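Asker: This is a predicted model, with the sequence first.
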Amino acid sequence: MSIYLTENGKKLLYARIAKLEQELIDIRAEKAIAYTASGDTWHDNPGFNALEQSEHRKAQEISEINKKIETATICNISVRNISNVEVGSIVKCVRYMPNNDEKIFVWEIVGFGESEPTKSKISYDSPIGSILMDLSIGEESEEVFIPSKKLCVTYEVLDFYSKWEDVRE
């Protein structure tokens, strides 16, 4: 599956890498202390072994994030698409539930690693974001199962906005 990033998402991932690299430096320093404290890298040194495993996991995570950045498609959201849902779209939808209950939502579809549901930002690869992708005004999504409600719902695209200020009006 392709990974889509905005410039902001790319910055967030680089910040995550910087944090992980600092954690890796700290682990390596602790590992050096654990090594010299016992003089043995294998036998009777579970602290050293645990730090070695942590070091490997952090290095692996850094490598995986770098690969995602290298292979990602960068999305320009300076001009938002207002004809169909894509990364960067601000979309107004209605959720239809089986009991004829309806609820209106406005979401910004964001790139990988940028989701902030409390700020109405959902990722293109989230369950809801993925079913909305490529829909136009008036089109309905396929059914999506909401585990917390234990039911299937559909979404219909009602409108698009070119900026958040337009939503509030």
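Answerer: It's in.

Asker: how much space between the residue nearest the centre of the chain and Glu156?
Answerer: Note on the chain: the residue nearest the mean C-alpha position is Gly113, at 2.6 Å, using Cα atoms, centre = their mean. Distance, Gly113 to Glu156, by Cβ to Cβ, to the nearest Å: 28 Å. The C-beta positions use only the backbone N, C-alpha and C, and glycine is treated the same way.

Asker: swap in Lys19?
Answerer: Lys19 is 40 Å from Glu156, by Cβ to Cβ.

Asker: And these two? Which one has more around it.
Answerer: Higher neighbour count among Lys19 and Glu156: Glu156, with 17 against 11, using other Cβ atoms under 10 Å.

Asker: Quickly find the element holding the more buried one.
Answerer: strand 151-161 (DSSP states H and E).

Asker: Next: Lys31.
Answerer: Applying DSSP H and E, one finds Lys31 within helix 7-38.

Asker: for that helix, packing partners?
Answerer: For helix 7-38, the packing partners by 3 or more Cβ pairs under 8 Å, 6 or more residues apart in numbering; DSSP states H and E come out as helix 46-71.

Asker: Any idea how far the helix it packs on is from the middle of the chain?
Answerer: 19 Å (Cα atoms, centre = their mean, to the nearest Å).

Asker: what does stretch 17-27 give?
Answerer: With Cα atoms, centre = their mean, you get 21 Å for stretch 17-27.
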